[in-house]
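Peer 1: Let me see the structure of the following:
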Amino acid sequence: MGNSRYFVLVFGDPANNGDTLESERYEAEERYPDFSAKPGDLLLLYCTEGYPGHSKQFYGIGVAIHTSPTLIEYRGISFKEPIPLRRSDETFEPEDRKKMGNIRMSTYRAFEIDKQSFVRTVSGQKIEVAWD
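Peer 2: Now for the predicted structure:
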């Protein structure tokens with residue numbers, strides 16, 4: 001994954017837009033720009049205040065497996081302890097912090113971030129593994 005890019009996927013209340021973390025599907029809404037993620041890109045899964053049980057938290061990570069301008073299908077894994085939003089104030093590059101601050105303005109729903117922002121945010125996180 002040497003050429004992977006890094007993205008934040010923003011999940012709001014699933015009752016409003018239908019996207020859930022468990023579905024491993026992320027569909028565009030008309031008011032948002034097309035997605036630019038490609039298979040193999042890494043995704044940081046963020047839940048807004050309206051997402052039940054995970055308000056203002058980075059829930060886990062995902063790897064894009066199928067993408068189009070209006071859909072990202074991914075395989076995800078949750079963190080053992082979700083990361084609070086405030087951590088991104090310390091770990092995100094300034095431009096990425098600015099994007100994160102604009103998500104409530106309907107500008108960003110899936111946006112690219114710098115590799116260092118991703119790495120610093122997830123560094124040291126334990127993941128939940130469920131073997132079937």
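
Peer 1: Ranking helices and strands of this structure by mean pLDDT, which lands last?
Peer 2: helix 14-17 (a mean of 77; mean pLDDT, DSSP states H and E).

Peer 1: What's the first helix or strand after it?
Peer 2: Per DSSP states H and E, the first helix or strand lying C-terminal to helix 14-17 is strand 25-27.

Peer 1: Residues contacting the top strand by length along the chain, please?
Peer 2: Counting by DSSP state E, the longest strand found in the chain is strand 71-84. For strand 71-84, contacts defined as Cβ atoms under 8 Å, 6 or more residues apart in numbering pick out 9, 21, 24-28, 35, 37, 43, 45, 47, 54, 56-67, 110, 121-122, 125-129. In this view, the C-beta of every residue, glycine as well, is placed from N, C-alpha and C.

Peer 1: repeat that for 6 Å
Peer 2: 24-27, 35, 37, 43, 57-60, 62-66, 125-128 (Cβ atoms under 6 Å, 6 or more residues apart in numbering).

Peer 1: What of stretch 95-105?
Peer 2: Applying Cβ under 6 Å, 6+ apart, the external contacts of stretch 95-105 come out as 10, 88, 108, 111, 113-114, 117.

Peer 1: And the pLDDT for residue 114?
Peer 2: Among the per-residue scores, residue 114 holds a pLDDT of 97.

Peer 1: Next, it: phi, psi?
Peer 2: Dihedral pair for residue 114: phi -70, psi 150, per degrees, to the nearest 10.

Peer 1: Alright, calling it a day.
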